[in-house]
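Novice: need coordinates for the following:
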Amino acid sequence: MNEYLPRVVDAEIAMALRSMPAVVLEGPRGCGKTRTGREHARSEVLFGSDAGARLGAQIDPAGVLSGAEPRLLDEWQLAPGIWNQMRAAADEGDGPGRFILTGSASPADDVTRHTGAGRVRRVRMRTMSSYETGLSSGEISLDDLFDAATGYIESQPPQLGEVIEATCRGGWPASIDFDLDAALDFADGYLREICRADVPQLGTRRSPAGLARLLRSLARNVSTEASALTLAKDAGAGAPLDPRTVGAYLDALERVFVVEDIPAWSAQLCSRARLRQAPKRHLADPSLAVAALGATPQRLRADLPTFGLLFEALVMRDLRVYAQRSRGWLSHYRDSDSLEVDAIVERPSGEWLAAEVKLGGEDAIEQAAQSLLALAAKVSEQSVGTPADLVVLTAVGSGYRRPDGIAVVPITALGP
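Specialist: As a prediction, this is how the structure comes out:
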């Protein structure tokens, strides 16, 4: 077994095992759930690769659940009947930390209709962040930003080409040591399997060609607020897809954790502007958008506007991983005055910070800073308080704090 690469989510899993009988790791296939689950388990049942285990779940569930605890039930949705058996065993047993379930697809609601409240803690896993893959030094943490504690100069930041290659490679544990061509091929093959097998295994009829066209449309519209109607028109082969079909496809892609849109921020304003509520479109990993577009580092270097959208997708993936460590969440802001801010990170305590994403350059950073300052002036401090920090996240360049108080931080220095 290859050496385990520690994940940001490890601490959350360990805490959940101290408080709940069962922990469910959910996320896209290939993001590392099984390997991470094994790090926290003392025994395992692999439903994905063991037909005998799937049969045993039907005829001898107690035997399947019996073993050293925590017991890993990998790809449990392939033996959905085990859910209620696990729930009953959790009721009968003493103490937390009994089971770890992993799944790459969300089963139909009726499978888990018997609630896991008080028994189950769900933990979302994503592909590896820039900090986990080694692209980022992690010199500045998200906690530092919430404390407005940044004030540094990074002496040798990575070059743009390295960031472009990291975006194309993605955060898949299986391909982290591949050469770049093999990593690009991995992402392309992943998309093909989504269309050929992953979505059809949900039990619904889907056209692989239609799914592939929708994925290309999502890639073309990544980091934008493209509507389902826009996606339907863009994904049509000669004629738009039926919007109802697009809705069904998007639902299926969400159930296999391939689509993860960023919702709009809900905040009370002290201006006459109206909030827009459309989500921003995002895939599970920026490499999937690269693969769907048929892009390469060379092509993206020659088309920086397109790379800017893909870079934003990488940053959003990283922010989600880092924010989750403190049970935070991500949203974006746009209002009727056309003011946009790429990311709002909130915590349960009510603290929040705002971030704009730019490749770099003085003019772009200045534009981002003005948007952040405008947002801070528009929101009602009575409803959301003052921002903990305002941040411009860049692909290249050194980090520093501007005279107006805004932090400029390269993503290659940001960590959890």
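
Novice: show me the strands in the stretch 301-416 of the chain, by range?
Specialist: Remark: strands assigned in the stretch 301-416 of the chain by DSSP state E, counting those that start in this stretch are 329-334, 340-346, 352-358, 389-394, 400-401, 407-410, 414-415.

Novice: any idea how far the closest residue to residue 76 other than its chain neighbours lies from residue 24?
Specialist: Distance criterion C-beta to C-beta, 6 or more residues apart in numbering; nearest residue to residue 76, sequence neighbours excluded, is residue 101 at 4.5 Å. C-beta coordinates here come from the backbone N, C-alpha and C atoms, glycine included. For residue 101, the distance to residue 24 equals 5 Å [C-beta to C-beta, to the nearest Å].

Novice: now the longest helix seen in the chain: mean pLDDT?
Specialist: Criterion DSSP state H: the longest helix present in the chain is helix 304-324. For helix 304-324, mean pLDDT is 98.

Novice: about what we covered before: now the strands of the stretch 301-416 of the chain as a markdown table including mean pLDDT, distance to residue 171 and mean neighbour count?
Specialist: What follows is the strands of the stretch 301-416 of the chain, written out as a markdown table (pLDDT from 0 to 100; distance: least, C-beta to C-beta, whole Å; neighbours: other C-beta atoms under 10 Å):
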| stretch | mean pLDDT | distance to residue 171 | mean neighbour count |
| --- | --- | --- | --- |
| strand 329-334 | 96 | 16 | 20 |
| strand 340-346 | 97 | 18 | 22 |
| strand 352-358 | 98 | 17 | 24 |
| strand 389-394 | 97 | 17 | 26 |
| strand 400-401 | 90 | 27 | 16 |
| strand 407-410 | 94 | 18 | 23 |
| strand 414-415 | 94 | 14 | 24 |
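
Novice: out of the ones you listed, which comes closest to residue 226?
Specialist: If you check each of the strands of the stretch 301-416 of the chain against residue 226 by C-beta to C-beta, strand 329-334 wins as the nearest, at 13.1 Å.

Novice: so what touches that closest one?
Specialist: 225, 262-267, 275-276, 278-280, 316, 319-320, 323, 339-346, 354, 375 (C-beta atoms under 8 Å, 6 or more residues apart in numbering).

Novice: ok, 6 Å please
Specialist: 262-263, 265, 276, 280, 319-320, 323, 340-346 (C-beta atoms under 6 Å, 6 or more residues apart in numbering).

Novice: can you tell me which of those is nearest residue 79?
Specialist: Using C-beta to C-beta, residue 320 comes nearest to residue 79 of these, at 29.3 Å.

Novice: quick one: the closest residue to that closest one other than its chain neighbours from residue 338, how far?
Specialist: The spatially closest residue to residue 320, leaving aside those adjacent along the chain, is residue 330, at 5.4 Å (C-beta to C-beta, 6+ apart). Here the distance between residue 330 and residue 338 works out to 21 Å (C-beta to C-beta).

Novice: one more: residue 171?
Specialist: 32 Å.

Novice: so which of these two has more stuff around it?
Specialist: A count of neighbours by other C-beta atoms under 10 Å puts residue 171 above the other of residue 171 and residue 338, at 27 against 8.

Novice: in a strand, that one, correct?
Specialist: No - read with DSSP: H, G, I helix; E, B strand; the rest coil, residue 171 is coil and lies in no strand.

Novice: that one contacts residue 130, doesn't it?
Specialist: No - contact criterion C-beta atoms under 6 Å: residue 171 and residue 130 do not qualify, at 7.9 Å.

Novice: that older thread, surely the residue nearest to residue 76 is within a strand?
Specialist: Yes - assessed with three-state DSSP, residue 101 lies in a strand.

Novice: find me the pLDDT at it, would you?
Specialist: Looking at residue 101, its pLDDT stands at 96.

Novice: name the nearest residue to residue 399, ignoring sequence neighbours.
Specialist: Nearest one to residue 399, counting by C-beta to C-beta, 6+ apart, is residue 409 at 4.7 Å.

Novice: pLDDT weak spots in the stretch 201-350 of the chain?
Specialist: Within the stretch 201-350 of the chain, the stretches with pLDDT under 70 are 201-206.

Novice: could you pull out the helices in it for me?
Specialist: 208-220, 228-235, 243-255, 286-293, 297-301, 304-324 (DSSP state H, counting those that start in this stretch).

Novice: about what we covered before: mind checking how far the residue nearest to residue 399 is from residue 54?
Specialist: 47 Å.

Novice: then residue 194?
Specialist: Per C-beta to C-beta, residue 194 is found 22 Å from residue 54.

Novice: more neighbours: those two, which one.
Specialist: Using other C-beta under 10 Å, the more surrounded residue of residue 194 and residue 54 is residue 194, with 23 against 19.

Novice: tell me the contacts of the more buried one?
Specialist: By C-beta under 6 Å, 6+ apart, the contact list for residue 194 reads residue 258.

Novice: residue 173 now?
Specialist: Applying C-beta under 6 Å, 6+ apart to residue 173 gives the contacts residue 32.

Novice: burial count for residue 147?
Specialist: Neighbour tally, residue 147, other C-beta under 10 Å: 12.

Novice: excluding chain neighbours, what is closest to it?
Specialist: The shortest distance from residue 147 to any non-neighbouring residue, by C-beta to C-beta, 6+ apart, is to residue 388 (7.5 Å).

Novice: ok, residue 278 next?
Specialist: Spatial nearest neighbour of residue 278, chain neighbours left out: residue 225 (4.0 Å); criterion: C-beta to C-beta, 6+ apart.
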